[in-house]
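# I'll drop the sequence and a predicted model, then ask my questions.
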Amino acid sequence: MKDFNQFTDDELVKLYREGNNQAFEVLLNRYQSKVYTYIFLIVRNRELTEDIFQDTFIKAISTIQQDRYVESGKFLAWINRIAHNLIIDYFRREKNENTFSVEGINFDIMNCTRFSEKSMEDVLSNEQVFTDVVHLVDKLPPSQQAVVKMRFFENLSFKEIAEKTNVSINTALGRMRYALINLRKIAEEKNISLEIK
């Protein structure tokens, strides 16, 4: 029996296209947390993230089965681009549904700060910041990575994080504090702006 974990992304795509479903499962396991995190950092809503996440992999499957996947050795970038396009489609739909006319004057509540925390433009301009944050989190020590992901991506309380990682609440809080210090430090070293609009 082959160990598909040793295969490259492009080899797995080729095997899946030839009918090997296990090859796609390996790809899914390899990238699901990164793709989920990427989507969540932009949309900030777990339910919506799950919907877009599922749509992303459905679209990926369909593209591969139609033999339209171009091998480039960058499967993660390709699948994140699918997710990104689906996110933009979602915000465009929302914007159109939330635009209505009052006495012949078009009024867009998506871009009115009284009705919306962020305009679509702000959300999209923040996308690069969120992408950078995902990459920066990957550079943290594993214990700090775990706390950041559980707190921000899974919305767990520090009590829940402490229980899940078998440490005290103070240790969990300490790890988060060091993670944030390290994120800022790495961002400064790499000259990355983490300012959210």
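Yep, it's here. Residues are numbered from 1 along each chain as shown.

# For this protein, which segments count as helices?
With helices called from DSSP state H, the chain shows them at 9-17, 21-43, 46-65, 75-97, 120-137, 142-148, 158-165, 169-189.

# Put together CSV for the ones you listed, with distance to Asp3, mean neighbour count and mean pLDDT on each row.
C-beta here means a position set from N, CA and C on the backbone, and glycine is covered the same way. Listed next are the helices of the chain as CSV, based on distance: least, C-beta to C-beta, whole Å; neighbours: other C-beta atoms under 10 Å; pLDDT from 0 to 100:
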stretch, distance to Asp3, mean neighbour count, mean pLDDT
helix 9-17, 12, 18, 92
helix 21-43, 9, 18, 88
helix 46-65, 21, 16, 89
helix 75-97, 18, 15, 85
helix 120-137, 28, 17, 65
helix 142-148, 24, 18, 88
helix 158-165, 29, 16, 88
helix 169-189, 33, 15, 85
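
# In TSV, list those along with distance to Lys2.
Compiled in TSV, the helices of the chain are given as follows (distance: least, C-beta to C-beta, whole Å):
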stretch	distance to Lys2
helix 9-17	9
helix 21-43	9
helix 46-65	19
helix 75-97	19
helix 120-137	31
helix 142-148	29
helix 158-165	34
helix 169-189	38
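
# contacting residues around Thr165?
Remark: with contacts taken as C-beta atoms under 8 Å, 6 or more residues apart in numbering, Thr165 is in contact with 143, 146-147, 150, 172.

# Quick check: the farthest pair among these?
When those are compared pair by pair using C-beta to C-beta, the farthest-apart members prove to be Ser143 and Met150, with a separation of 11.2 Å.

# so what's the most centrally placed residue in the chain up against?
Here the mean C-alpha position of the chain is nearest to the C-alpha of Tyr38 (C-alpha atoms, centre = their mean), at a distance of 1.3 Å. The contact partners of Tyr38, taken as C-beta under 8 Å, 6+ apart, are 80, 83-84, 130-131, 134.

# of these, closest to Lys34?
For these, the minimum distance to Lys34 (C-beta to C-beta) is 6.9 Å, reached by Val134.

# quick one: the closest residue to Ser168 other than its chain neighbours and Val43, what's the gap?
Nearest residue to Ser168 in three dimensions, chain neighbours excluded: Ala162, at 6.0 Å (C-beta to C-beta, 6 or more residues apart in numbering). Using C-beta to C-beta, to the nearest Å, one obtains 28 Å as the distance from Ala162 to Val43.
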